[in-house]
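# kindly return the folded structure for what I paste below:
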Amino acid sequence: MDTGHQQPTDQVGVMQRLWRRIQLMSSWGRVSFCDDSKTAQLLQVKLNDSETRDGTPRLAEFGFTSGPPNGSDVLVVFMGGDRSKGVVVATSHQSSRPTGLQQGESMVYDLWGKSIYFTHSGGIVIEAQGSPVTVNNATTVTVNATVEVVLNTPLLSVSGNIVAGGDITDQVRSMAADRTLFNAHTNGSGTTTPTPQQ
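Numbers count the residues shown, from 1 in each chain. Below you'll find the model as predicted:
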């Protein structure tokens, strides 16, 4: 009978459809537009010359967000091989990705070369590329340094008071030494004028 020959053909058809679904479950593409105005970031992704997807949501790790530039590589996953249910699960922009990191190191970076680099042996390095660094709306900023805090700047501008728990020293001498000189020229009848050298 024909049914004996039909069953293998049906099985082949099922396997072909299953394989096709598996092939459709993921795809590489490139970003052509990024909409970051909504609660979920939406990307326009070009998968091939005949398939461009608008409004594809991107999933990213909690606590970190970025706007992938146009031309970024993306990996899109389609639930059950359904091309109408795609999500972007990974992005990469090859030309701006920093290279040469050692195992265990991390870096947060942008398209213009600014970065925060968590090094293995060189501490934490912030590269601002000539841009301002701003801390907003902090009630208190505390730096707990075990050795010292060094500011290499031509000008230190402070809009309020300066309170020091220790001595303050400039290129000539300390304020404590100035105070000693001042007290040495003060007696019970008034203040004497110090010599030019003093």
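# where's residue 20, which helix or strand?
Mapping residue 20 onto the secondary structure by DSSP states H and E places it in helix 3-23.
# okay, now the sheet partners of the following helix or strand past that helix, with direction.
From helix 3-23 onward toward the C-terminus, using DSSP H and E, the following helix or strand is strand 26-35. Neighbouring strands of strand 26-35 in its sheet, by DSSP bridges, are strand 42-48 (antiparallel), strand 73-78 (antiparallel).
# and of these, who's closest to residue 159?
Nearest of the strands paired with strand 26-35 to residue 159, taken as Cβ to Cβ: strand 42-48 at 42.5 Å. For glycine as for every other residue, the C-beta is placed from the backbone atoms N, C-alpha and C.
# which of the residues in that closest one are buried?
By neighbour count, with 16 or more other Cβ atoms under 10 Å as the criterion, the buried positions of strand 42-48 are 42, 43, 44, 45, 46, 47.
# residue 107: which of those is nearest?
Of all those, the one with the least separation from residue 107 (Cβ to Cβ) is residue 43, at 23.0 Å.
# quick one: pLDDT of that closest one?
The model reports residue 43 with a pLDDT of 98.
# Provide a list of residues in contact with it.
When contacts are counted by Cβ atoms under 8 Å, 6 or more residues apart in numbering, residue 43 is found next to 31, 33, 34, 35, 56, 57, 58, 68, 74, 88.
# alright, that wraps it up for me.
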